[in-house]
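Give me coordinates for this.
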Amino acid sequence: MTLSLKDNSNWLRVQRYWELLHVLVSRNLKVRYRGSFLGVYWSLLNPLTMTGLYTAIFGAAFATYYGNSILNYMLAAFTGLVVMNFFSASTMQALSSVVGNGSLLNKIQLPVSVFPVSMIAANVFQFAVGVLPLIAVMTFINSQSLVNVLALVFPILALILVCTGIGFLVSALYVFFRDLPYFYELVVFVLWISSPVFYPAAIVPKAVQPFLRLNPLSPIIESLRQISLSGALPDLNLVWGALLSGIIILSLGWACFQLWRHQFMDLL
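Modelled structure (predicted):
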């Protein structure tokens, strides 16, 4: 009987969390795209524009690393950009989510973790509707395989795990350090430069490559490119590396968030 009541209580807690998450994500998307003509499809504008710019500047120089095809370089740059844009947007929004809802938390008892999660979830919806169909079509054209199309879920899942873990970490740190956004912009820039977004990983000097492997976005970009551009079956080593980095970062971010959560209310 006691066990049954406990299970029922846990289920009600999960149901309440899910309902709150749905409300916050809906509110976020409505506010973000109120009066917008293209809505979530604006998320495609930045990577498409930057892809064209990078192709015009670097396409001829780096095409040799992509089968002497400027089109392949264009697709590779696009995949790198969508990963980087998703990471930057979702984690920057998650950073201020707890502090931004401090007045609400002081009035109503709510699960604090739902605020950074809602920011990530809103960007996941935007990605799924705007960017993912284009990548899926691109993957099917290159590989002629539904296996590769379905395998896209693994690097994308790894990206979501990394962003959620970083979101937990930075949203918690921002409660204590209000200068964090300025520092975090520098961190995002370093991650962008050290990720093979507009350049092939093969051009990086061997002495530097071990340091770049510490970048959690690199295996995600490499795995996504291998699945969508190579035409070969998914490389399980790349997939596992991407998922492992996501699991580790999510675990660390969640542990820090839970450790510091009890001090939040005194500072909000």
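
in this structure, which helix has the most residues?
In the chain, with assignment by DSSP state H, the single longest helix is helix 2-32.

In that one, which residues are buried?
L20, L21, L24, V25, N28, L29 (16 or more other CB atoms under 10 Å). (C-beta placed from N, C-alpha, C; glycine too.)

Could you do stretch 197-210 as well?
By 16+ other CB under 10 Å, the buried positions in stretch 197-210 come out as V197, F198, Y199, P200.

Kindly report the same for stretch 254-268.
For stretch 254-268, the neighbour count (16+ other CB under 10 Å) marks W254, C256, F257, W260, R261, F264, L268 as buried.

show me the contacts for I220.
V83, P155, A158, L159, V162, A242, S245, G246 (CB atoms under 8 Å, 6 or more residues apart in numbering).

which one of these is nearest F115?
F115 lies nearest to V162 out of the contacts of I220, by CB to CB, at 18.5 Å.

Let's test this: mean pLDDT of the helix or strand the closest one falls within, rounded?
Taking DSSP states H and E as the definition, one finds V162 inside helix 153-176. Here helix 153-176 scores 96 as its mean pLDDT.

got the angle for whatever helix or strand comes next after that helix vs helix 153-176?
Next helix or strand after helix 153-176 toward the C-terminus (DSSP H and E): helix 180-193. Interaxial angle, helix 180-193 versus helix 153-176 (axes from the mean of the first three to the mean of the last three CA atoms, to 10 degrees): 150 degrees.

what's helix 180-193 in contact with?
With CB under 8 Å, 6+ apart as the test, helix 180-193 has contacts from M84, F87, S88, T91, M92, L95, S96, V170, L173, Y174, N215, L217.

Show me which positions of it end up buried.
Neighbour-count burial for helix 180-193 flags L180, Y184, V188, L191, W192 (criterion: 16+ other CB under 10 Å).

where's the last one relative to I220, distance?
If I follow you right, that is W192. Noted for W192: a distance of 13 Å to I220, by CB to CB, to the nearest Å.

Present the buried residues of helix 2-32 as CSV; the columns should include pLDDT and distance to I57.
As requested, the buried residues of helix 2-32 are exported to CSV (pLDDT from 0 to 100; distance: CB to CB, whole Å):
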residue, pLDDT, distance to I57
L20, 91, 45
L21, 91, 41
L24, 91, 40
V25, 91, 37
N28, 85, 35
L29, 82, 34
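
need the residues you listed in JSON lines with distance to L229, can you?
Shown next, in JSON lines, are these (distance: CB to CB, whole Å):
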{"residue": "L20", "distance to L229": "39"}
{"residue": "L21", "distance to L229": "34"}
{"residue": "L24", "distance to L229": "36"}
{"residue": "V25", "distance to L229": "31"}
{"residue": "N28", "distance to L229": "32"}
{"residue": "L29", "distance to L229": "30"}
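
Which of the contacts of helix 180-193 fall in helices?
Per DSSP H, the subset of the contacts of helix 180-193 in helices is M84, F87, S88, T91, M92, L95, V170, L173, Y174, L217.

with those in mind, which one is nearest to Y33?
When the ones in helices among the contacts of helix 180-193 are compared for distance to Y33 (CB to CB), M92 wins out at 17.5 Å.

one step back: what's the closest of the buried residues of helix 2-32 to V117?
Top of the list for closeness to V117, among the buried residues of helix 2-32 and by CB to CB, is L21 at 6.3 Å.

List the buried residues for the helix holding V162?
Result for helix 153-176 [16+ other CB under 10 Å]: buried residues 154-175.

and the gap between V153 and G165?
18 Å.
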